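# I need the structure of the sequence given here:
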Amino acid sequence: MMDNAAWQDALDTITLPTSEARSLPHQFYTDPDILALEKAALFRDGWLLAGAEGEVPAIGDALPVTLLGEELILVRGEGGAVRCLR
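Here you go, the predicted structure:
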């Protein structure tokens, strides 16, 4: 686990001009804590695509999906609208 100073130093390198920039340390791609931070910061407060409308074509059709560790069900209701239940 990287300490906060090491994280900030690594992040600072990606904003440098291309000729000076470096890639992030491997921990940024493999650390579960960083993944949790990314999920919270990037995905939790906005709309996400859980499936295509055509995957539940008929009224009563359902499609179970897992998105960011959440178990969801896409369903086409009586009025024809597609809804997502969790």
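# so where do the helices sit in this protein?
Remark: helices assigned in the chain by DSSP state H are 4-13, 27-30, 32-38.
# Spit out the contact partners of residue 84.
Going by C-beta atoms under 8 Å, 6 or more residues apart in numbering, residue 84 touches 50, 72-75. For glycine as for every other residue, the C-beta is placed from the backbone atoms N, C-alpha and C.
# low pLDDT regions in this protein?
1-2 (pLDDT under 70).
# Quick one: end-to-end length of stretch 58-76, please.
With C-alpha to C-alpha, to the nearest Å as the measure, stretch 58-76 spans 7 Å from end to end.
# Next: stretch 71-80.
22 Å.
# Could you give me the buried positions within it?
72, 74-76 (16 or more other C-beta atoms under 10 Å).
# Tell me the one among those nearest to residue 56.
Comparing the buried residues of stretch 71-80 against residue 56 with C-beta to C-beta places residue 76 closest, at 4.4 Å.
# if I look at that closest one, how far off is residue 67?
Distance, residue 76 to residue 67, using C-beta to C-beta, to the nearest Å: 18 Å.
# what do you get for residue 53?
Applying C-beta to C-beta, the value for residue 53 to residue 67 is 16 Å.
# can you count the residues close to the nearest residue to residue 11 once chain neighbours are set aside?
Using C-beta to C-beta, 6 or more residues apart in numbering and skipping the chain neighbours, the partner closest in space to residue 11 is residue 24 (7.7 Å). Residue 24: 13 surrounding residues under other C-beta atoms under 10 Å.
# Isn't residue 24 up against residue 7?
No: using C-beta atoms under 8 Å, residue 24 is not in contact with residue 7, being 9.7 Å away.
# contacting residues around residue 70?
For residue 70, the contacting residues are residue 86, by C-beta under 8 Å, 6+ apart.
# Run through the bridge partners of it.
residue 67 (DSSP bridges).
# Please look at residue 50 and residue 71 and confirm they touch.
No: Residue 50 lies out of contact with residue 71 (C-beta under 8 Å); the separation is 11.2 Å.
# which residue sits closest to residue 16 in space, ignoring its chain neighbours?
Closest residue in space to residue 16, ignoring its immediate chain neighbours: residue 22 at 7.9 Å, by C-beta to C-beta, 6+ apart.
# Perfect, that will be all.
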